[in-house]
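K.L.:
just the structure for this:
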Amino acid sequence: MKLESDLMRCFVTVADLGNFTHAASALGRTQSAISVQIKRLEEIAGKPLFDRGPRGVTLTRFGNELLVNARRIVNLLDETAASLDAPSLEGQVRIGLPEEYGSETASHALALFAKVHKNVEVSVRSACSDVQKQALLKGDLDLAVIFDWERALQSEILMSDPTVWATSDIHRLHEQSPLPIAVFDHGSWSKDYAIRSLQLRKHPFRVVYRGDTGAALKLAVSAGLAIAPLSRSKIPPDCRELTVAEGFDQIDMTNIVLCRHKDATSEAVSAMEKAIRAAFRANAV
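P.N.:
Got it, this is the predicted structure:
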């Protein structure tokens, strides 16, 4: 049995994105080419790796078992390639990440950076965007990945993610009146955007939950405490977007942007900037 690294990378990408079309886009290939590679890998394994469904694919039990080793192989190849190309860097990089994307999107980039650039001290701060903006402006951060719906800072757009109202399929709180809603307890975004969208639709509502982060609002939805404004890509399992047909509009199209402090000019900061940009590009859908 011969397993090629390209097959492993294709398999890991499909498993991570749950969709052949999204995986094809991430890898720069056609959907049919991805399908052929997965079929070939399943023939080599002698077992199905995915269950196909109308909304995408999910791993079989054997697929989950294979994913552990496949991910190890892909990560090792990435680390090896990066180490061959990497200059010897030293210094410090201070980065701010939103918790919504830090754990999933940026974690691999941070881990790879740390292994390749062993002499660079990396510190990561996870906080709401308002806090990250102020820290960046004061020079307490070199780089910050933030939600910026107003484009108030000079920045590079990493991805755009619509913000929508989300509800739990189990608890169905969107059927109540007034609507129990969760909002952020900092800044003016909730009032100017989320609450305003309900007012325009003349939905009676009451604020029953306030949180500092997107994770806090996701918890409110999953636990059946409230409906909440969430990034579409971060709606938790057993929850869904409330649609226009149900009387709910998209709240906004938020940009996730990468900002760099004007005095952060070291090669280490540039290398981290490149790693973060690549991580978001690889996970774009």
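
K.L.:
now the stretch 1-150 of the chain, which segments are flagged as low pLDDT?
P.N.:
The stretch 1-150 of the chain contains residues with pLDDT under 70 at 1-3, 79, 82-86, 101-104, 149-150.

K.L.:
which stretches of it form helices?
P.N.:
For the stretch 1-150 of the chain, helices defined by DSSP state H, counting those that start in this stretch occupy the ranges 5-17, 20-27, 31-45, 61-85, 99-101, 107-116, 129-138.

K.L.:
out of these, the one nearest Thr167 is which?
P.N.:
With Cβ to Cβ as the criterion, Thr167 lies closest to helix 99-101 of the helices of the stretch 1-150 of the chain, at 18.4 Å. All C-beta atoms are positioned from the backbone trio N, CA, C, and that covers glycine.

K.L.:
still on that earlier bit, can you list the helices of the stretch 1-150 of the chain in CSV and add mean neighbour count and distance to Met253?
P.N.:
Output for those, formatted as CSV (neighbours: other Cβ atoms under 10 Å; distance: least, Cβ to Cβ, whole Å):
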stretch, mean neighbour count, distance to Met253
helix 5-17, 20, 21
helix 20-27, 20, 19
helix 31-45, 15, 26
helix 61-85, 14, 31
helix 99-101, 20, 16
helix 107-116, 18, 24
helix 129-138, 18, 15
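
K.L.:
any chance of these in TSV, with distance to Ala182 too?
P.N.:
TSV is the format used below for the helices of the stretch 1-150 of the chain (distance: least, Cβ to Cβ, whole Å):
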stretch	distance to Ala182
helix 5-17	28
helix 20-27	29
helix 31-45	37
helix 61-85	33
helix 99-101	15
helix 107-116	26
helix 129-138	17
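
K.L.:
and these: which comes nearest Asp185?
P.N.:
Of those, nearest to Asp185 by Cβ to Cβ is helix 129-138, at 11.2 Å.

K.L.:
can I get the CA coordinates of the closest one in PDB?
P.N.:
Presented in PDB, the C-alpha positions along helix 129-138 are these (Å, rounded to 0.1, in the frame of the first residue of the first chain):
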ATOM      1  CA  SER A 129     -12.000  44.000  18.900                       C
ATOM      2  CA  ASP A 130     -12.500  47.300  20.800                       C
ATOM      3  CA  VAL A 131      -9.800  46.200  23.300                       C
ATOM      4  CA  GLN A 132      -7.500  45.000  20.600                       C
ATOM      5  CA  LYS A 133      -7.800  48.200  18.600                       C
ATOM      6  CA  GLN A 134      -6.800  50.300  21.600                       C
ATOM      7  CA  ALA A 135      -3.900  48.000  22.400                       C
ATOM      8  CA  LEU A 136      -2.700  48.300  18.800                       C
ATOM      9  CA  LEU A 137      -3.000  52.000  18.800                       C
ATOM     10  CA  LYS A 138      -1.000  52.300  22.000                       C
END
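
K.L.:
same for it, what does it pack against?
P.N.:
strand 91-97, strand 143-148 (3 or more Cβ pairs under 8 Å, 6 or more residues apart in numbering; DSSP states H and E).

K.L.:
can you list the residues that contact the shortest one?
P.N.:
Where contact means Cβ atoms under 8 Å, 6 or more residues apart in numbering, the residues beyond strand 143-148 that reach it are 93-98, 101-102, 106, 129, 132-133, 135-136, 153, 155, 158, 254-261, 264, 269, 272-273, 276.

K.L.:
returning to that earlier point: most tightly packed of the helices and strands packed on helix 129-138?
P.N.:
Highest mean neighbour count of these: strand 143-148, a mean of 24 (counted as mean count of other Cβ atoms under 10 Å).
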